[in-house]
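J.: okay, predicted coordinates and the sequence, questions at the end:
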Amino acid sequence: MAINNKILLIVFTIVAFSSLSFAQNYSQYKPYPNDRFPQIIQASDYETIKFIEVLYSSLTKLDKDTMNCELQGNKIVFSASNKSSKIVTLQELQNNAVLLNNTKYSNKSIMILCSTLFRVLSDLTKESRIESVKYYQFQTSAYKKRTIIEFKLGNRVLVVESDSNGPKNDERLYILDIQDISDSFFWGAIK
């Protein structure tokens with residue numbers, strides 16, 4: 001009986017340390033220094049939500065629902081999977097701004113979202129390339145617009161999602177999260 005308890009204690013200790021290690025690695029991507037769920041931001045501003053919706057709209061102009069994607073230094077280049085020569089670019093600029101195609105954004109909340117997106121993609125692409133990007137926008141019972149953009153990197157998915165009822169309704173949020181592929185909106189059902 002004492003041996004079983006010692007084994008159980010060792011297993012529990014290993015699980016606790018591995019969970020702590022994951023949490024410490026995951027915490028480097030927190031956009032805000034707090035202990036809550038930092039990947040879910042209930043945005044008081046509408047600009048960040050609108051930016052995610054504009055990015056989605058830009059992608060849909062190239063291809064219906066799937067895109068190729070490559071991280072090139074401080075630039076994310078999206079290209080249509082149908083071999084079109086048209087591209088969408090998202091670039092971090094030196095002067096605390098981002099450029100989506102030819103439109104410059106300097107809103108602080110948009111900068112936090114984009115700089116975190118670049119840092120996470122940069123780290124994840126060290127282990128696996130971006131295989132594809134899928135995106136979709138639809139209405140739910142709670143939100144007029146739910147916008148989902150997912151980057152597939154091996155068995156992980158980087159999710160950028162926004163939920164909004166428009167600029168005049170304060171009920172809104174966005175999510176920037178790393179998920180296992182089994183939890184993906186698009187690839188979760190595929191085994």
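T.: Sure, I can see it. Computed from a predicted model, the values in this text were never measured in an experiment.
J.: now stretch 87-101: buried residues?
T.: 88, 90, 91, 92, 98, 99, 100 (16 or more other CB atoms under 10 Å). Any C-beta I mention is one placed from the backbone N, CA and C, and that applies to glycine too.
J.: domain map for this structure?
T.: 1-30, 36-183 (automatic domain parsing).
J.: what distance do you get for residue 156 to residue 125?
T.: 11 Å (CB to CB, to the nearest Å).
J.: can you name the residues bridging to the residue nearest to residue 55 when sequence neighbours are not counted?
T.: Leaving aside its sequence neighbours, residue 55 sits nearest to residue 100 (CB to CB, 6 or more residues apart in numbering; 6.3 Å). Legend: beta-bridge partners of residue 100 under DSSP bridges are residue 90, residue 103.
J.: counting neighbours, what do you get for residue 105?
T.: 20 (other CB atoms under 10 Å).
J.: tell me if I'm right that it and residue 96 touch.
T.: No. Residue 105 is beyond contact range of residue 96, at 10.2 Å (criterion: CB atoms under 8 Å).
J.: overlap of the contact sets of those two?
T.: residue 111 (CB atoms under 8 Å, 6 or more residues apart in numbering).
J.: which parts of stretch 177-191 are buried?
T.: 177, 178, 179, 181, 184, 185, 186, 187.
J.: and the residue lying closest to the third one once chain neighbours are set aside, helix, strand or coil?
T.: If you skip the residues right next to it in sequence, residue 179 has residue 157 as its closest partner in space, 4.9 Å away by CB to CB, 6+ apart. Here residue 157 takes the strand state, with states given by DSSP: H, G, I helix; E, B strand; the rest coil.
J.: how many neighbours does residue 157 have?
T.: 24.
J.: just the pLDDT for it.
T.: For residue 157, the pLDDT comes out at 93.
J.: residue 69 now?
T.: 94.
J.: any idea how far it lies from residue 136?
T.: Separation of residue 69 from residue 136 (CB to CB): 16 Å.
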